[in-house]
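> Build me a structure from this.
(one chain, ligands or ions: 1)
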Amino acid sequence: MLACEGVACSYGQVQVLFDAGLHVEQGEMVALLGPNGVGKSTLLKVIGGLLAPDAGSVSIQGVDVTRAPTRERIERGLAQVVGQATFGSLTVAENLRVHAYTIDDQAWAREAVDAALTVFPRLHARRDQPASTLSGGERQMLALAKAIVQSPRVLVVDEFSLGLAPVVVGGLLELVRRLNARGTAVLMVEQSVNVALALVDRAYFMEKGRIVACESAPELAAEPERVRALMLGGHAEVTA
Ligand SMILES: Nc1ncnc2c1ncn2[C@@H]1O[C@H](COP(=O)(O)OP(=O)(O)OP(=O)(O)O)[C@@H](O)[C@H]1O
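Just a heads-up that it's a prediction; the model follows:
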């Protein structure tokens, strides 16, 4: 459903991704893990079309979208939840309707918006409020609700846990798990490694812009020392 191969990417003169590759199959849930600043969000930006890679490819459902605009990637089934991205001056309901634009059937689009609001009673209660007045957690709910409206084939999630209460993160992740159970392929970056490993099938580990390991989550769960070493990346070598 999603594949990246040999991705190299730079900010100006500084190269941050080197030959990065990963794949997520239909119905799979996969984590991208690693220490701060190794390039996880950068790889997600390349997948979403927000950054053009210097080399390598991205494909969605087997179609090469490396040079395609973000809009085309969305039409091919990609949804991305990045931070608390919302249109602040639009209401909650308007934010959701904007995201239903890929749905041709307007009656179905209205149903999708209503269904997304039903999932989040807090958003339902605030449906006519500008998104700028929502709390951080509510904005992340809205970001996920927008993705749900799209009924994505591939969902990419960048760090839910940032600054949110664990109970809110747990609720959001449970919804991602349900989308995954309905067949959506999921790639998630998650700060809390234990939370991620409890949910996913496999995990990729990044170090200094490279994917250095891909492991099955159940096997990793039995090897906490190995997880620690992978998460410490280069620091593990320094302290060893
Ligand atoms: N817009 C930018 N301009 C220049 N350098 C950037 C930019 N965004 C990120 N970087 C740098 O690229 C590298 C990778 O950043 P990235 O945000 O992809 O890492 P990350 O693994 O997602 O980190 P974290 O876990 O801390 O969110 C870092 O060294 C970062 O400082």
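> Send me the helix or strand hosting residue 110 as PDB with only the CA atoms.
For residue 110, the element it lies in under DSSP states H and E is helix 106-119. What follows is helix 106-119, C-alpha atoms only, in PDB (Å, rounded to 0.1, in the frame of the first residue of the first chain):
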ATOM      1  CA  GLN A 106     -22.200  15.000  -1.400                       C
ATOM      2  CA  ALA A 107     -24.800  13.100   0.600                       C
ATOM      3  CA  TRP A 108     -22.100  10.500   1.400                       C
ATOM      4  CA  ALA A 109     -19.700  13.300   2.300                       C
ATOM      5  CA  ARG A 110     -22.300  14.700   4.800                       C
ATOM      6  CA  GLU A 111     -22.700  11.300   6.300                       C
ATOM      7  CA  ALA A 112     -18.900  10.900   6.600                       C
ATOM      8  CA  VAL A 113     -18.700  14.200   8.500                       C
ATOM      9  CA  ASP A 114     -21.500  13.200  10.800                       C
ATOM     10  CA  ALA A 115     -19.900   9.800  11.400                       C
ATOM     11  CA  ALA A 116     -16.600  11.400  12.300                       C
ATOM     12  CA  LEU A 117     -18.300  13.800  14.700                       C
ATOM     13  CA  THR A 118     -20.200  10.900  16.400                       C
ATOM     14  CA  VAL A 119     -16.800   9.300  17.100                       C
END
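> any idea which helix or strand comes after that helix?
Next along the chain after helix 106-119, with elements defined by DSSP H and E, is helix 121-125.
> List the buried residues for that following helix?
By neighbour count on 16 or more other C-beta atoms under 10 Å, the buried set for helix 121-125 is 122-123. Placement of C-beta: from N, CA and C, glycine included.
> now do stretch 154-169
By neighbour count on 16+ other C-beta under 10 Å, the buried set for stretch 154-169 is 154-161, 164, 168-169.
> Got phi/psi on residue 18?
phi -130, psi 110 (degrees, to the nearest 10).
> neighbours around it, how many?
Here the count is done by other C-beta atoms under 10 Å, and residue 18 has 16 residues near it.
> List the residues that contact it.
8, 208-210 (C-beta atoms under 8 Å, 6 or more residues apart in numbering).
> now the residue lying closest to residue 54 once chain neighbours are set aside, what's its secondary structure?
For residue 54, the nearest residue in space outside its immediate sequence neighbours is residue 8; the separation is 4.5 Å by C-beta to C-beta, 6 or more residues apart in numbering. When classified by DSSP: H, G, I helix; E, B strand; the rest coil, residue 8 comes out as strand.
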